[in-house]
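Sequence first, then the predicted structure, then my questions.
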Amino acid sequence: MDALDAKYPFFASAREAVAEAAVSLPELVAADAPAVERARERVERALLEGTVASESGAFPGESAYDAQAELLSYPIARILVSLLDSDPAIEKYAAAEAATAMERVRRDLATDDELRSVSSATVALDDLLAEFDLAAAVRPDATAPAGSRASRGTGSGTAGGGAAGTTSGRDPDHYRIDVGPYLRLTSPEWGESWRLVNRALADGAVRVSREELLAALEAAVEERVAEGLPFELAADEGIAEALESRVADLRRLLSERTYAEPPDVVAPALFPPCMTNLIEKAERDVALSAAESFALMAFLVGIGMSPDEVVAFCADTSLDAEGIRYQTEFLTDDRGTQYPPPTCETLANYGICHNEDDHMQVAADPLSYYEKRVAAADEVTDWRDGRATDEAEEA
Ligand code: SF4
């Protein structure tokens, strides 16, 4: 098991490494090996933050887990996701694995020749194309000036062979991808520019920029990760029983309930204490934990705030605009998979709720509590109205 397998555990070579290693997943789970905790972290961060990177350190090399635990955490994370048995969870998990992988790919592609030649833990674009059987379907765009980016080596040198081998020694800005794979890996829902009618199409191939090609590859990773999920576990191996409490924690955290009519009014004075505490903490410039920031973002999105509004609302806090935007967009995606805020019980488990005034008796989650307070208030001032007035005065 090497560092490259750990970094890209969905690669065929990584699967082979797991199959060849003399490790038994049921035994690892029964022994509560480090890979099990890392798998839980993998799934939790995927569902809450859209990344599977370890909080203990980003790749390459700084994770508190060794390469074996990293690699084995992937099949165990797939087991956890299967046990969750929720389509939205599978979608979010696969998307997060793909997003994290492509972050690493971008870093690998930015690695200069010299470093690359001494590191076997980086991939080249040709390696990726070969991994997804796209070597013959993707070619540098002949109309682009040759070597328009700085010339680079081909990394681990597998180079995918065939047509993609022509990319060796240069890294063009544009490529041509056969229309079949283009249609399979991209979606018109990504925006007008992705529609075939808006694309330069010649000889059965579509012209794409390098970034667009990477977006298509991200979709290929997502597809591979989601493949086969959820799967049935052998009843006699005891894995489901051994992972029961971890699965229950993940379920509680996500608490897939839906709200027909969110209260679409932003009245900070009526926010529940848990959310007020989190906002005040962030205003003191204290960093929020992943669970805290997820709970706050899910609440703000749940009351109808747009990503722009959340960014403006949190402008003078420790939360950075980019992180807010990512998380709120993740929470409000249009695929029908948005998550409501966690329940009061879950927030209590995370130390976020202190059950002030015993109001867990009043509502089971912060959003319901807020709804009740808004309904009971004589007068409600919407923060957005004040902001609109400020903007008008500034203009
Ligand atoms: S009981 Fe619920 S709404 Fe109240 S502070 Fe705790 S988590 Fe928030």
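Looks like it came in fine.

which one is Arg106 nearest to, not counting chain neighbours?
Leu214 (7.1 Å; CB to CB, 6 or more residues apart in numbering). (C-beta placed from N, C-alpha, C; glycine too.)

Off-centre distance for the helix or strand in which that neighbour is found?
Under the criterion of DSSP states H and E, Leu214 resides in helix 210-226. The chain centroid and the centroid of helix 210-226 are separated by 13 Å, computed with CA atoms, centre = their mean, to the nearest Å.

Can I get it in CSV? Just the C-alpha atoms.
The C-alpha atoms that make up helix 210-226 are tabulated as CSV, following Å, rounded to 0.1, in the frame of the first residue of the first chain:
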residue,chain,number,x,y,z
ARG,A,210,-8.4,22.4,-19.2
GLU,A,211,-10.6,23.4,-16.2
GLU,A,212,-13.7,22.0,-17.9
LEU,A,213,-11.8,18.8,-18.6
LEU,A,214,-11.0,18.6,-14.9
ALA,A,215,-14.7,19.2,-14.0
ALA,A,216,-15.6,16.3,-16.3
LEU,A,217,-13.0,14.1,-14.6
GLU,A,218,-14.5,15.1,-11.2
ALA,A,219,-17.8,13.7,-12.5
ALA,A,220,-16.0,10.5,-13.5
VAL,A,221,-14.6,10.1,-10.0
GLU,A,222,-18.0,10.8,-8.5
GLU,A,223,-19.5,8.2,-10.7
ARG,A,224,-16.9,5.6,-9.8
VAL,A,225,-17.3,6.3,-6.0
ALA,A,226,-21.1,6.0,-6.2
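
And what about Ala364, helix, strand or coil?
At Ala364 the chain is in coil, as set by DSSP: H, G, I helix; E, B strand; the rest coil.

thought it was touching Thr346?
No. Between Ala364 and Thr346 there is no contact under CB atoms under 8 Å: 10.2 Å.

Would you mind measuring from Ala22 to the ligand?
46 Å (CB to the nearest ligand atom, to the nearest Å).

can you count the residues close to that residue?
Neighbour count of Ala22, defined by other CB atoms under 10 Å: 4.

show me what contacts it?
The contact partners of Ala22, taken as CB atoms under 8 Å, 6 or more residues apart in numbering, number zero.

before we move on, back to that, out of Ala364 and Thr346, which sits in the more crowded spot?
Set Ala364 next to Thr346 and count neighbours by other CB under 10 Å: Thr346 wins out with 20 against 14.

any idea how far the more buried one is from Asp203?
According to CB to CB, to the nearest Å, Thr346 and Asp203 sit 55 Å apart.

Quick one, grab the pLDDT at Pro60.
Note on Pro60: pLDDT of 44.

let me fix that: Val23
Reported pLDDT for Val23: 87.

and the residue nearest to it when sequence neighbours are not counted, what helix or strand is that in?
Counting by CB to CB, 6+ apart, the nearest residue to Val23 once its immediate chain neighbours are dropped is Leu72, at 6.6 Å. If you go by DSSP H and E, Leu72 is part of helix 67-84.

residue contacts, Glu70?
Going by CB under 8 Å, 6+ apart, the list of residues near Glu70 reads 6-7, 9, 35, 38, 54, 63.

Is the residue nearest to Arg106 in contact with Glu103, as I believe?
No. Leu214 is beyond contact range of Glu103, at 10.5 Å (criterion: CB under 8 Å).

so what's Tyr175 bridging to?
Pro140, Val208 (DSSP bridges).

what sits against it?
Neighbouring residues of Tyr175 by CB under 8 Å, 6+ apart: 138-141, 207-210, 213.

for Ala269, same thing?
Neighbours of Ala269 in contact, by CB under 8 Å, 6+ apart: Thr381.

how near is it to Pro230?
44 Å.

what's the answer for Val197, then?
As judged by CB to CB, Val197 and Pro230 stand 37 Å apart.

Please say which of those two ends up with more neighbours.
When neighbours are counted by other CB under 10 Å, Pro230 comes out ahead of the other of Val197 and Pro230, with 17 against 7.

Was I right to think the more buried one contacts Ala89?
No. With contacts counted by CB under 8 Å, Pro230 stays clear of Ala89, the gap being 9.0 Å.

Sketch out the helices for the stretch 151-300 of the chain, chain order is fine.
Applying DSSP state H, counting those that start in this stretch to the stretch 151-300 of the chain gives helices spanning 179-185, 210-226, 239-242, 244-254, 273-283, 290-302.

out of those helices, which comes closest to the ligand?
helix 273-283 (3.1 Å; CB to the nearest ligand atom).

Just the buried positions in the closest one, please.
Neighbour-count burial for helix 273-283 flags 273-275, 277-279, 281-282 (criterion: 16 or more other CB atoms under 10 Å).

Ok, stretch 305-322 next?
Quick answer for stretch 305-322 (16+ other CB under 10 Å): 305, 307, 309-314, 317, 319.

Among those residues, name the ones in helices.
Judged by DSSP state H, the buried residues of stretch 305-322 include 307, 309-313 as members of helices.

In a markdown table: those, plus pLDDT and distance to Leu243.
Formatted as a markdown table, these follow (pLDDT from 0 to 100; distance: CB to CB, whole Å):
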| residue | pLDDT | distance to Leu243 |
| --- | --- | --- |
| Pro307 | 89 | 34 |
| Glu309 | 93 | 39 |
| Val310 | 94 | 34 |
| Val311 | 94 | 37 |
| Ala312 | 95 | 41 |
| Phe313 | 95 | 38 |
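
Give me the neighbour count for Ala290.
Ala290: 16 neighbours (other CB under 10 Å).

Test my guess that it contacts Leu48.
Yes. Ala290 is within contact range of Leu48, at 5.7 Å (criterion: CB under 8 Å).

Tell me which other helices or strands the lengthiest helix in the chain touches.
When the chain is parsed with DSSP H, its longest helix is helix 87-110. Contact partners of helix 87-110 among helices and strands, from 3 or more CB pairs under 8 Å, 6 or more residues apart in numbering; DSSP states H and E: helix 34-49, helix 67-84, helix 210-226.
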